[in-house]
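S.K.: just to be clear, the model below is a prediction. Sequence and coordinates:
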Amino acid sequence: MSDDDGERLIDFVTTHTRVVLAIALVSTLVVSVGVADLDRETSLETFQSDGVEAETLDYLSQEYGLAAPDQSVGFVFYRDDDVLSKSSYLRVLRYQRALVENETVSRALVEGRATASTATLVATAAIRAEADASGDAGYFDRPTLAEQIDQIESMSPAEVDRTTSRVLAADAPRRSLFYQPTDYEAGSTDENATMVLVFGTGETGQVSGAASDDLVASQLAMKSIAKERLGADSLSFGSGLVKDELSRSVNDSLQLLVPFVLAFVVGVLALAYRDLFDLALSLVGLATVLLWTLGFMGWMGISLIQLYVPVIIFLVGLGIDFGIHVVMRHRETSDGDDRRRAMRTALGGVGLALVMVAVTTAIGFLSNGISDVAAIRTFGLIAAWGVTAALLVFGAFVPALKLELEAALDRDVGGGRSAFGTAGAVSRALSGGADLARRAPVAVVIVAVLLAGAGGAAGATIDTTFEQTAFMAQDPPEWTDSLPGPMATGEYEVRDTLRYTNERFIRHDLQTQILIDGNVTRDDSLERLHDARQRVNARESTYYLANGEPATSSALSVMDQAAAANESFNATVQAADTDGNGIPDRNVERVLDEMFEIRPALSSNVVHREDGTYTDMRLTISLVGGTSSSQAAAEARATARSLDGNGFETTATGRPVLFEIIQQELSATIVEAMSITFGLIVAILAVIYRRQYGSATLGLVAAVPVTLSLGWLVGTMWLLGLSFNALTALITSISVGLGVDYAIHMADRYADELAARGRVTGAMEASVRGTGGALLGSAVTTAGGFGVLVFAIVPPIAQFGFVSALSILYAFLATVLVLPSLLVLWSRYARPDAIGGDATAFAAATDDDD
C-alpha cells in the first residue's frame with residue numbers, strides 16, 4: 001500500500017463514518033452468528049498426534065483382543081480395614097450389581113463383562129470348585145452377579161478365606177493379582193485396599209479425558225454409587241471423570257477470575273482514559289473483537305479448548321493497546337475545534353504502526369502452522385484472525401464511532417483531557433529511559449544484552465513437559481470457601497486419586513506397547529521376543545505383581561499359562577524347544593495354532609492372525625506409577641530397536657509414547673516457530689521502514705527489544721524452575737506479538753518526531769512521554785489481566801498467567817528503557833543525515849535544551 005492509498009483510506013474512515021459503521025455492523029452481525037455454533041471441548045484429545053505411533057495404537061486397539069476400540073476402564077478403589085473378608089466381598093459384589101442396574105451407568109457399560117474384582121474371582125472360583133465336585137465342571141462359564149452374591153452368602157468366613165488364599169496364591173493366574181496393591185503379599189487374606197474395574201464404552205481418543213457424554217455421566221454415577229455403597233473413603237478414576245474435572249475446573253476458573261479480570265481491566269482503563277465516554281468506546285471495541293473471533297471459530301467448526309483461552313486474553317490486551325494509542329493520539333492532535341481533522345492526523349500518525357503490529361504479529365502466530373500438533377496450528381490461525389479483527393475494529397470502527405458520537409453529543413475530544421503520560425509523575429517516571437539514552441546509551445545496551453544472553457543460555461535447558469496430571473485441577477485455596485454461590489468452586493479428587501493409584505496399584509492405562517510386524521512364525525521369532533522381554537523385565541520402570549512376576553504381556557506369557565494348564569500343549573512346547581531354555585525355536589506356527597485352540601481370547605490379545613495367517617504380534621509393558629513419559633518412550637523405543645530387522649518391522653507406541661511425541665513437538669514448535677517468526681518480522685520491518693523512513697536498519701533496531709525481553713523471560717523461567725507446557729510453549733508467540741507491538745509504536749513515533757524536530761533529545765522525550773504513556777496504560781492493564789490467572793485452579797492456566805504477565809512487563813521495560821538507547825545509537829551511526837550528518841550536528845541534536 002502506497003502513502004497515497006493510506007491517506008485515502010484514512011480519509012474515507014474519518015469522512016464517511018456512517019458507511020464505515022454500517023459495514024462494521026453488518027460484518028459483526030454476520031460473523032457473530034457463528035458464536036451459536038461454538039463448542040467447548042475440555043479433553044486432552046485435541047493434542048493427539050497424527051504420526052505412525054498414533055496410527056499403530058489405533059490399529060492395536062481395533063485388531064487385538066475382544067475389547068471394542070472405544071473401550072474405557074474405570075477404576076474404583078475400595079478402602080477398609082479388611083477388604084478381603086466375606087462382608088467386604090458382599091459389599092463389592094452388591095456395588096457391582098448396583099452399577100449394572102443403574103440406567104445412567106449401564107448406558108456406557110460393556111455388555112457381558114461390565115465389572116471385575118477380587119470378589120468376582122473368589123466367588124467364581126468357589127462356584128467352579130463346587131461344580132467340579134458335583135461333576136458339572138464347566139457348567140458355569142461366567143456366573144452372574146446374583147449367583148456370585150448367593151455363593152459368597154452361602155460360605156462361612158473361613159471358607160471365604162481359604163478360597164481367597166487359593167485365588168491369590170503366588171502360583172495363581174497373574175490376572176488374579178491385578179486388583180491388589182503393589183505391597184500385597186500373595187495368598188494373604190489381610191489387606192486394606194482393593195480395586196474394582198468397570199468396563200465402559202465411549203472413550204474417544206488416545207489420551208485420558210477423551211470421553212463421550214454418556215461415559216462421563218456413567219463414571220460420575222459410578223463414583224457416586226461407590227461413595228454410597230463402599231463408603232466415603234472410596235476413590236474413583238477414569239477418562240470420563242478426568243473430562244468432567246477438566247471441564248468443571250475451567251468453568252470454575254472462569255467464574256472465579258472473570259469478575260476480577262473485568263474489574264481490574266475496567267479500573268485501570270478508567271485511570272488511563274479518565275473519561276467514561278472513551279472507556280465505553282474501548283469496551284465496545286473489545287467486545288466486537290471477541291465477537292468476531294469467537295464467531296470465526298464457530299463458522300470454522302473450531303471448539304474452544306484450554307489452549308485457545310490465552311488467545312482471547314491476548315486479543316483483549318492487543319485491543320486495549322490499539323484503543324489507547326488511537327484515543328491518546330487523537331487527544332494529542334486535537335486542536336479543540338475540528339475533531340475529524342484531529343482524528344485524520346491521529347490515524348496518519350499511528351495507523352502505520354497499527355498495520356505493522358498487525359502484520360508482524362499475525363505472521364508470528366501463523367508461524368505455528370509448522371507445528372505437528374493440530375491444536376497449535378489452529379491456535380495460530382485463530383490468533384491471526386483476531387489480530388486482523390483488532391486492526392479493523394480499532395483502526396476503523398472505533399474511530400468512526402467516536403467521531404459520530406462526539407459530534408452528536410457535541411463534546412470535546414477526550415472530554416478535554418490530555419493524553420495519559422504526557423504530564424505529571426507518570427511523565428517524569430517515563431523520562432528515565434530517555435535520560436539513560438542521553439547519558440549512557442552504550443552501557444544500557446551492553447547490560448541489557450548480557451542479561452538477555454545469560455537468560456537465553458539458561459533458558460535453552462528448560463524442559464518441555466506434557467503430563468496428564470499437569471492439566472488436572474488442584475484443591476482450591478481455602479479463601480475460595482467464602483466466595484458467593486456463583487463464584488464458588490467445586491471439589492476435585494482425580495489428581496489425588498491418580499497419585500494414590502501410582503503409589504499403590506497397577507495403572508492399566510500406563511502401558512507401552514511394541515508392535516512386531518512381519519513373519520512371526522519364523523523359527524527365531526519367539527527367541528527374539530524372549531530376549532527383549534528379559535531386558536524389559538530387568539528395568540526398574542516395569543511393574544511387578546505381588547507374586548513377583550513382571551506385568552508384561554506377550555505370546556510368551558500366554559504360552560506359559562496355557563502350557564501350565566494343558567499337558568498336551570506343554571509337550572508341544574517342549575518338542576519345539578531345541579536348546580532347553582523353554583522357548584520354542586522351531587515349529588512356531590504349530591505352537592501358535594495350539595495356543596489359539598486352548599486360549600483363544602488371551603491369544604488374540606497378543607498375536608494377530610487374519611484368515612489363518614499370522615501377521616503380527618505385540619509386547620505390552622505395564623509401568624510403575626509415576627514413570628515419566630520421556631523415560632517410558634525411550635525404553636519402549638529401545639525395546640523396539642532390539643527387535644527390529646531380520647524380517648521384523650517394529651513400532652513403539654502407547655499413551656506415554658504419544659505424550660513424549662507431543663512434548664517433542666511442543667519443543668520443536670518453540671524453536672522453529674520462534675526462528676521463522678523473528679526472521680520474517682525483521683525482514684518485514686526492514687522493508688516497511690526502508691519505504692517509510694528510508695532506513696531498513698530502523699526495522700532491525702525495533703526488533704532488538706523483542707529478543708532482549710525473550711532472553712530475560714526464559715532466564716527468569718529457568719531461575720524459578722518453570723518448564724514449558726502446552727500453554728507456556730505458546731508464550732513465545734504472545735511475547736513476540738506484544739513485544740513487537742510496543743517496539744513498533746515507540747520506534748515509529750520516534751522516527752516521526754525526529755523528522756519533525758531534527759533533534760534527538762526532543763524527539764526522544766516526546767516519544768517516551770507520548771507513546772510511553774499509552775504503552776504503560778496498555779502494559780499495566782494487559783499484565784494485570786494475565787496476572788489474575790495465577791489464581792486459576794488449573795495449574796497450566798495459572799502458570800501461563802504468571803509467565804504472560806512477566807513477558808508483558810519485560811516487553812514494556814525493554815521498550816521504554818532499552819529501545820531509547822538503541823534509537824539514539826541508530827541516530828548517531830546509522831542515520832546521521834537525519835540530524836545534520838556529522839558529529840557536531842549530533843552533539844547539537846542531543847543537547848539538553850529543546
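M.R.: Nice, thanks for sending it over. Numbering: from 1, shown residues only.
S.K.: so how far is residue 396 from residue 385?
M.R.: Noted for residue 385: a distance of 16 Å to residue 396, by C-beta to C-beta, to the nearest Å. Glycine gets a C-beta too; all of them are placed from N, C-alpha and C.
S.K.: likewise residue 63?
M.R.: 57 Å.
S.K.: and for residue 765?
M.R.: 31 Å.
S.K.: and if you look at residue 783?
M.R.: 27 Å.
S.K.: got it, and residue 162?
M.R.: 84 Å.
S.K.: repeat that for residue 791.
M.R.: 36 Å.
S.K.: have a look at those two and say which one is more surrounded.
M.R.: residue 396 (22 against 17; other C-beta atoms under 10 Å).
S.K.: find the nearest non-adjacent residue to the more buried one, please.
M.R.: Spatial nearest neighbour of residue 396, excluding adjacent residues (C-beta to C-beta, 6 or more residues apart in numbering): residue 13 at 4.9 Å.
S.K.: what packs against the strand or helix carrying residue 147?
M.R.: Per DSSP states H and E, residue 147 falls inside helix 145-154. When contacts are defined as 3 or more C-beta pairs under 8 Å, 6 or more residues apart in numbering; DSSP states H and E, helix 145-154 packs onto helix 86-101, helix 118-134.
S.K.: can you check what angle separates the longest one from helix 86-101?
M.R.: Direction vectors for helix 118-134 and helix 86-101, defined by axes from the mean of the first three to the mean of the last three C-alpha atoms, to 10 degrees, enclose an angle of 100 degrees.
S.K.: can I get helix 118-134 in PDB? Just the C-alpha atoms.
M.R.: C-alpha atoms of helix 118-134 as PDB (Å, rounded to 0.1, in the frame of the first residue of the first chain):
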ATOM      1  CA  THR A 118     -11.300 -59.900  43.500                       C
ATOM      2  CA  ALA A 119     -14.700 -60.600  44.900                       C
ATOM      3  CA  THR A 120     -15.800 -61.800  41.400                       C
ATOM      4  CA  LEU A 121     -12.700 -64.000  41.200                       C
ATOM      5  CA  VAL A 122     -13.300 -65.600  44.600                       C
ATOM      6  CA  ALA A 123     -17.000 -66.200  44.000                       C
ATOM      7  CA  THR A 124     -16.400 -67.600  40.600                       C
ATOM      8  CA  ALA A 125     -13.600 -69.900  41.900                       C
ATOM      9  CA  ALA A 126     -15.900 -71.200  44.600                       C
ATOM     10  CA  ILE A 127     -18.800 -71.800  42.200                       C
ATOM     11  CA  ARG A 128     -16.500 -73.700  39.800                       C
ATOM     12  CA  ALA A 129     -15.000 -75.700  42.700                       C
ATOM     13  CA  GLU A 130     -18.400 -76.900  43.700                       C
ATOM     14  CA  ALA A 131     -19.300 -77.700  40.100                       C
ATOM     15  CA  ASP A 132     -16.100 -79.800  39.800                       C
ATOM     16  CA  ALA A 133     -17.000 -81.700  42.900                       C
ATOM     17  CA  SER A 134     -20.500 -82.400  41.600                       C
END
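S.K.: buried sites along it?
M.R.: Neighbour counts over helix 118-134 (16 or more other C-beta atoms under 10 Å) mark 118-128 as buried.
S.K.: residue boundaries of the strands in this structure?
M.R.: Assigned by DSSP state E, the chain shows strands spanning 71-79, 115-116, 193-201, 235-237, 511-518, 552-553, 607-610, 613-622, 648-653.
S.K.: tabulate those in TSV, adding columns for mean pLDDT.
M.R.: Below are these laid out as TSV (pLDDT from 0 to 100):
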stretch	mean pLDDT
strand 71-79	88
strand 115-116	92
strand 193-201	91
strand 235-237	93
strand 511-518	94
strand 552-553	92
strand 607-610	92
strand 613-622	94
strand 648-653	95
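S.K.: now for those strands, which one comes closest to residue 361?
M.R.: Smallest distance to residue 361 across the strands of the chain (C-beta to C-beta): 38.0 Å, for strand 648-653.
S.K.: name the nearest residue to residue 550, sequence neighbours excluded.
M.R.: residue 537 (4.4 Å).
S.K.: I am finished for the moment; much appreciated.
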